[in-house]
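[1] Sequence first, predicted model second:
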Amino acid sequence: MVAGEVPTMIRTTLAIALALTCFSCKKKEATAGDKPAAGDKAAGDKAADDKAAAAAKLAFKKLGSLPLEAEVPDDANIDDTSKGAGYPSVSIYASPTTFVSGTGDMSDVKPTIEDTKAQLGKDPNKLKAFTKEDKIGDGWVLELTRESMIEPGKELYGVSVRRTIGGAAWDCGTNGSSKDEQAKAEKLCLSLRAAK
């Protein structure tokens, strides 16, 4: 290990903790005094619809130095963390933040689904159950539930997708704060393909 380099497990734990901190932020619920006037409601609904439509726009983006691209929201930021990790790795900052990793000496990418499930059990957020296990043409999809280490009692919805692209194994996944976030991350992971 190079002086000043953060070990993979610590870096991964910090990244997950940061992502979960962001997920745990809750929107302020409107009170009776916060409700818009009847005339303002239509304008507010249209603005919300426009914002949702803008956020929903997806496009394929290259994943840093990885030989991959994925369909991500237009406003997603791609952070190539390969140099610090010591193996091919990117963080996709969208909702939810999703992580893609390739193989390498320090990588957590495992050769079998059983090994992957065992590795997922080592996450600091306690594994409750695997809720889906599907084989796909070039890998698998695992869905799982966890208990948040930041908010005990709060359920997290994880996903881990294995893809084999260009003869190499790639893991993609995250812990989302809702089933909707889990579904978005899974769709993103399934969109991985060789960069064009």
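    Ah, there it is.

[2] okay, how far is it across stretch 154-172, tip to tip?
    23 Å (C-alpha to C-alpha, to the nearest Å).

[3] Can you list the buried residues in it?
    Neighbour-count burial for stretch 154-172, counted by 16 or more other C-beta atoms under 10 Å, picks out 156-163, 165, 169-172. Where you see a C-beta, it was placed from the backbone N, CA and C, and this is true even at glycine.

[4] What of stretch 135-150?
    With burial defined by 16+ other C-beta under 10 Å, the residues of stretch 135-150 counted as buried are 139-146, 148-149.

[5] coming back round to it: and the furthest pair within the buried residues of stretch 154-172?
    The two members of the buried residues of stretch 154-172 with the most space between them (C-beta to C-beta) are Leu156 and Ile165, at 27.1 Å.

[6] can I assume Ser89 is in contact with Val100?
    Yes - assessed by C-beta atoms under 8 Å, Ser89 is found in contact with Val100 at 7.0 Å.

[7] Who has more neighbours out of those two?
    Neighbour count, other C-beta atoms under 10 Å: between Ser89 and Val100, Ser89 has more, with 30 against 25.

[8] contacting residues for the more buried one?
    Applying C-beta atoms under 8 Å, 6 or more residues apart in numbering, we find Ser89 in contact with 80-82, 99-102, 107.

[9] Could you measure from it over to Asp108?
    Distance, Ser89 to Asp108, using C-beta to C-beta, to the nearest Å: 10 Å.

[10] Check Asp171 too.
    For Asp171, the distance to Asp108 - C-beta to C-beta - is 7 Å.

[11] which residues do the two both contact?
    The contact lists of Asp171 and Asp108 share Ser101, where a contact means C-beta under 8 Å, 6+ apart.

[12] And the closest residue in space to Ile92 that isn't next to it in sequence, how far from Thr112?
    Using C-beta to C-beta, 6 or more residues apart in numbering and skipping residues adjacent in sequence, the residue nearest Ile92 is Thr98, 4.6 Å away. Between Thr98 and Thr112 the computed distance is 22 Å (C-beta to C-beta).
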